[in-house]
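Participant: curious how this folds, go ahead:
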Amino acid sequence: PALRARFDGALRELDATDPGPWGDDPLLDSLRRALPDTPYRRALPGLLWHCTSDTSEQAICCNGYQLGEVGKSTKNDGWYGRGLYFTSMPTYASHYAHVRTAVHKAGGLCITLNWVLTGRPFLMQKIEIGRACEPGYTTHYAVTHNTRPIQESAKKGGEGYAKHMDGDELVVFDERHALPQYIIELESDY
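Facilitator: Numbers count the residues shown, from 1 in each chain. As a prediction, the model looks like this:
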């Protein structure tokens, strides 16, 4: 109940602000399609996926996401900013589960489905490890190809541009903007 109240308060607070327009970059369309129709036109809540260890998930379910924990298990500050990472694609989240299992070889992994406040996303054009949130925006968004920004992997424009997309990442910089809803435990053959 406390995490839900915290999330609902952040939703009302963000929806009362005017974060500004999203812009018209076609890469933002994949994120727009992932968000449900909602009366919260500025906060823009959506159900997005996150991968974590089963031990971290227990803490997340009890205390919510904590920005102070970012990078502790992965040993990096995030390619698109130092924040909490979510994706609209469960297959992309499961890719991270397999990578993390191969690297860490300990404990189980979970994919969570979360309510996440999108607000105004800043479209990331390149990797900027540990970067702070872009001023005037609430989140960072990257469309990826082979886990790299799509701009580095495919020529912008033309019909084939969207075909190269294999994932997306939304970086949230306010821990109140994410609320875990469902946990899926994974097993690995690694």
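Participant: now do the helices in the chain.
Facilitator: 2-15, 29-34, 54-63, 90-104, 150-153 (DSSP state H).
Participant: Gly167 contacts Tyr85, correct?
Facilitator: No. Counting by CB atoms under 8 Å, Gly167 stays clear of Tyr85, with 10.8 Å between them. Bear in mind the C-beta positions are built from the backbone N, C-alpha and C, glycine included.
Participant: lowest-pLDDT helix or strand in the protein?
Facilitator: Among the helices and strands of the chain, helix 150-153 carries the lowest confidence by mean pLDDT, DSSP states H and E, at a mean of 47.
Participant: if we can go back for a sec, neighbour-wise, which of Gly167 and Tyr85 wins?
Facilitator: Shown here are Gly167 and Tyr85; by other CB atoms under 10 Å, Tyr85 has more neighbours (24 against 21).
Participant: check the gap between the more buried one and Pro26 for me.
Facilitator: For Tyr85, the distance to Pro26 equals 22 Å [CB to CB, to the nearest Å].
Participant: look up how far Leu170 lies from the residue nearest the centre of the chain.
Facilitator: Geometric centre of the chain, nearest residue: Phe86, 2.0 Å, by CA atoms, centre = their mean. Relative to Leu170, Phe86 is positioned 5 Å away (CB to CB).
Participant: between those two, which contacts overlap?
Facilitator: Among the neighbours of Phe86, those also in contact with Leu170 (CB atoms under 8 Å, 6 or more residues apart in numbering) are Leu48, Val116.
Participant: where does pLDDT dip in the chain?
Facilitator: The chain contains residues with pLDDT under 70 at 53-55, 73-74, 95-108, 146-165, 186-190.
Participant: so where do the strands sit in it?
Facilitator: 45-53, 84-86, 109-117, 121-123, 139-145, 148-149, 167-172, 178-186 (DSSP state E).
Participant: pairing partners for the fifth one, with directions?
Facilitator: Counting by DSSP bridges, the strands paired with strand 139-145 are strand 121-123 (parallel), strand 148-149 (antiparallel), strand 167-172 (antiparallel).
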